[in-house]
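Trainee: sequence and computational prediction follow.
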Amino acid sequence: GINAEYGASTQFYLYGKSRCTRTGWEKASKAYPKPDILEDPSLDLSQKVFLITGANAGIGREITQFAASRGATVYMVCRNPARAEAARNSVVEQTKNTKVHLLIGDCGLRADIIRIWNEFQKSQQELQPGKSLSLDALVCNAGALMNTKTLTSEGVEVTFATHLLYGTYLLGTLALPVLKSTNNSRIVVVSSGGMYNTKFPSWDTATSTGAASYDGQFAYAYAKRGQVLLCERWAELHPGVKVVSCHPGWTQTEAVDAAYGESKKYLEPLRTTWQGAEGIVWLTVAPSEQIQSGAFYLDRSPQVKHIAGPFFSEGSYTKNTRAEVDDMMKRLDQWGQGLLPTQEDLAIERAKSLPLTCMSTAVDIQSFMGKWHVLAHIPTYPEIGSANGVENYSYDNEKAVIRILFEYVPKGATAKSDTQMRATVNNPPISTQWSLDPKVFGVHLPLGITYLILDLAEDGSYTIVGVPDRSYIWIMTRPKPSLFSDYKPVYEVYGIDTDTLTYLPPSSPLPSESLPEDNKSTTELDAFEWEKKVLMKALKKANDLGYDIKRILRVPWIDIKS
């Protein structure tokens, strides 16, 4: 539930602040055994072969640089040819090692992974004719974190495809026969502490093909948990190869900049890229007997894989059953073989994946402030079944932010609760796209949730607000809604045919007064009838914007004590 999710996320943040920052690395590194193999000038990797994905920047670049500096044959898997060539040239110049090769491709594409592996094999055969192929270390490091749902050209959600399905599972599956034939080989999968937030969910949630709303941070966490589970299973199935997952800590990289922007200050002090990478480098070169296959590493040491229970105990919230992992492996195999949904299904998914944009008509931000009553919604988790939702907006001129107080009566409760947020306007002077940061324990979490004003009545009496991936919508009015105790889809309550967006004969008598005219004051008209007209307009607008309007629910409004 939401409390377990919140607990897991909160405990990971606290856990991370003590272990994943630069301070955590400095403490952990002091305990490293001496002499340190990474500082040994006699370490010779000249007979070793490394294949590293995401190798041109950040963690991958550091691993590449180290391996090349010790004489290894290194294959850099990179997506951007120009950046890859520049990185390779820099590595060769600094290490004087010319055995650094490029494999250009996108780790989120099945076709590219297959081609990359074929090119690797061909290169090895050409460089060592007559010798059997060898691969000492496969490092699966490539990744992506998307804030809005995005599909690859093959129709698979980018984060899932890059981190888990193709970038780890398919590439690892292709490489395993060669790894098995290479003594003391290993697969090192760069996962993330983000996996502490969740278990691996249902397949449709993990792949973003179901009805669940898309959350980029959780799509990332699902893939990262999947990597850890995959490594555990591979360690069981392939005892001749060391298979580990690992976490680089909170490290200053381009990926962190892109994902978090200014919010990365909450992860500070950030590690340097070397501090984040050196524990992973150690996993690629340490004696095989020192590596615990199937483990999840940080700073050269196996870590617990679950901290969702009380007082950082394991708990059960983030754990998967063996049957669930069996199902994950089965489906990874099917999708890895290219047994994907039909082209028709993929076309529908692509259409749905196009992100919403805010309305282009400017909104007077000062006039928009004040109290808005939630008449209907596709709810966030805490709002499900709630009543009397009110959003109170006020503009803080000094700090140029919008203060938001959301009041509501939770499901089953008789008293109000509230949530505080602040918002920054992203597109002044249009002012219809905001970034929201919720307030938790007195601190605004830098989530930067995108909030879009999609429609606003000319007279300012109602508005529609949504999010880019259409997972939520709020239809809000200035007038307080009429009392209504049910929690049902709008189309059922008001007798609307969702195919034609016309009224059906009501199943029960509705107020007989005629629908309001646009130029009449709402105070002159029956509230329920006015709401009916507003919601018909809102459903038409939401339908045009690509929402599943059958999911839009009439919010209950009940009498409560002040």
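Mentor: Yep, that arrived. Residues are numbered from 1 along each chain as shown.
Trainee: surely Pro468 and Leu356 touch.
Mentor: Yes. In this structure, Pro468 is within contact of Leu356 by C-beta atoms under 8 Å, at 5.0 Å. Quick note: C-beta positions are derived from backbone N, CA and C, even for glycine.
Trainee: list the residues that contact both of those two?
Mentor: Leu452 (C-beta atoms under 8 Å, 6 or more residues apart in numbering).
Trainee: for Thr198, give me phi and psi.
Mentor: phi -160, psi 160 (degrees, to the nearest 10).
Trainee: these two touch, right, it and Ile307?
Mentor: No. At 12.0 Å, Thr198 does not count as touching Ile307 under the criterion of C-beta under 8 Å.
Trainee: in contact with Ser18, which residues?
Mentor: Counting by C-beta under 8 Å, 6+ apart, the residues that Ser18 touches are Gly24.
Trainee: distance check, it against Val440.
Mentor: Distance from Ser18 to Val440, counting by C-beta to C-beta, to the nearest Å: 19 Å.
Trainee: check what pLDDT the nearest residue to Ala387 once chain neighbours are set aside gets.
Mentor: Closest residue to Ala387 apart from its sequence neighbours, by C-beta to C-beta, 6 or more residues apart in numbering: Pro556 at 3.9 Å. What the model reports as pLDDT for Pro556 is 95.
Trainee: correct me if wrong: Pro556 contacts Phe484.
Mentor: Yes. Taking contacts as C-beta under 8 Å, Pro556 lies within contact range of Phe484: 5.8 Å.
Trainee: mutual contacts of those two, please.
Mentor: Counting by C-beta under 8 Å, 6+ apart, nothing touches both Pro556 and Phe484.
Trainee: any weak-confidence spans in the protein?
Mentor: 1-10, 12-13, 211, 255-264, 311-312, 341, 343-353, 505-525, 561-562 (pLDDT under 70).
Trainee: so which other helices or strands are in contact with the biggest helix by length in the chain?
Mentor: Longest among the helix segments of the chain by residue count, using DSSP state H, is helix 216-237. For helix 216-237, the elements it packs on are helix 158-160, helix 171-180, strand 186-190, helix 203-206, strand 242-246, helix 322-336, judged by 3 or more C-beta pairs under 8 Å, 6 or more residues apart in numbering; DSSP states H and E.
Trainee: and of these, who's closest to Asp44?
Mentor: Closest to Asp44 of the helices and strands packed on helix 216-237 is strand 186-190 (C-beta to C-beta; 17.6 Å).
Trainee: tilt between the closest one and helix 171-180?
Mentor: Put simply, strand 186-190 runs at 150 degrees to helix 171-180, going by axes from the mean of the first three to the mean of the last three C-alpha atoms, to 10 degrees.
Trainee: what's in contact with the host helix or strand of Val92?
Mentor: Assessed by DSSP states H and E, Val92 sits inside helix 81-95. With C-beta under 8 Å, 6+ apart as the test, helix 81-95 has contacts from 55-57, 61, 64-65, 68-69, 74, 76, 78, 97-98, 100-102, 104.
Trainee: and if we set it to 7 Å?
Mentor: Outside helix 81-95, the residues that touch it by C-beta atoms under 7 Å, 6 or more residues apart in numbering are 56-57, 61, 64-65, 68-69, 76, 78, 98, 100, 102, 104.
Trainee: let's see it as CSV, backbone CA atoms only.
Mentor: What follows is helix 81-95, C-alpha atoms only, in CSV (Å, rounded to 0.1, in the frame of the first residue of the first chain):
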residue,chain,number,x,y,z
PRO,A,81,28.9,7.6,-32.9
ALA,A,82,30.5,11.0,-32.6
ARG,A,83,30.7,10.9,-28.8
ALA,A,84,31.9,7.3,-28.9
GLU,A,85,34.7,8.2,-31.3
ALA,A,86,35.8,11.1,-29.2
ALA,A,87,35.8,9.0,-26.0
ARG,A,88,37.7,6.2,-27.6
ASN,A,89,40.4,8.6,-29.0
SER,A,90,40.8,10.2,-25.5
VAL,A,91,41.1,6.7,-23.8
VAL,A,92,43.7,5.6,-26.4
GLU,A,93,45.7,8.8,-26.1
GLN,A,94,45.7,8.7,-22.3
THR,A,95,46.4,4.9,-21.9
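Trainee: pull out the buried residues from that helix.
Mentor: Ala84, Ala87, Arg88, Val91, Thr95 (16 or more other C-beta atoms under 10 Å).
Trainee: so the residue lying closest to Thr273 once chain neighbours are set aside versus Ser29, what's the distance?
Mentor: In this structure, Thr273 finds its nearest non-sequential neighbour in Glu62, 5.1 Å apart by C-beta to C-beta, 6+ apart. According to C-beta to C-beta, Glu62 and Ser29 sit 15 Å apart.
Trainee: please enumerate the helices of the stretch 351-500 of the chain.
Mentor: Applying DSSP state H, counting those that start in this stretch to the stretch 351-500 of the chain gives helices spanning 365-368, 490-494.
Trainee: next, format these as JSON lines and append mean neighbour count.
Mentor: Listed next are those as JSON lines, based on neighbours: other C-beta atoms under 10 Å:
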{"stretch": "helix 365-368", "mean neighbour count": "13"}
{"stretch": "helix 490-494", "mean neighbour count": "20"}
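Trainee: of those helices, which is nearest Met476?
Mentor: Closest to Met476 of the helices of the stretch 351-500 of the chain, according to C-beta to C-beta: helix 365-368, at 10.8 Å.
Trainee: quick one on the thing from earlier: Glu62 and Ser29: who's more crowded?
Mentor: Set Glu62 next to Ser29 and count neighbours by other C-beta atoms under 10 Å: Glu62 wins out with 25 against 14.
Trainee: so which bits of the longest helix of the chain are buried?
Mentor: 216-235.
Trainee: cool, and stretch 125-144?
Mentor: Neighbour counts over stretch 125-144 (16+ other C-beta under 10 Å) mark Leu133, Ser134, Leu135, Asp136, Ala137, Leu138, Val139, Cys140, Asn141, Ala142, Gly143, Ala144 as buried.
Trainee: show me those residues that map onto strands.
Mentor: Ala137, Leu138, Val139, Cys140 (DSSP state E).
Trainee: farthest pair in those?
Mentor: Ala137 and Cys140 (10.5 Å).
Trainee: which residue, other than its chain neighbours, is closest to Leu43?
Mentor: The nearest residue in space to Leu43 (C-beta to C-beta, 6+ apart) is Arg70, at 5.2 Å.
Trainee: got it, and Asn184?
Mentor: Ser288 (4.3 Å).
Trainee: pretty sure that neighbour sits against Val243.
Mentor: No. Using C-beta atoms under 7 Å, Ser288 is not in contact with Val243, being 11.7 Å away.
Trainee: which one of these two is surrounded by more residues?
Mentor: Ranked by neighbour count (other C-beta under 10 Å), Ser288 and Val243 place Val243 first, with 27 against 12.
Trainee: I figured that one hits Ala235, correct?
Mentor: Yes. The pair Val243 and Ala235 qualifies as a contact (C-beta under 7 Å) at a distance of 4.5 Å.
Trainee: overlap of the contact sets of the two?
Mentor: Residues touching both Val243 and Ala235 (C-beta under 7 Å, 6+ apart): Ser293, Gly294.
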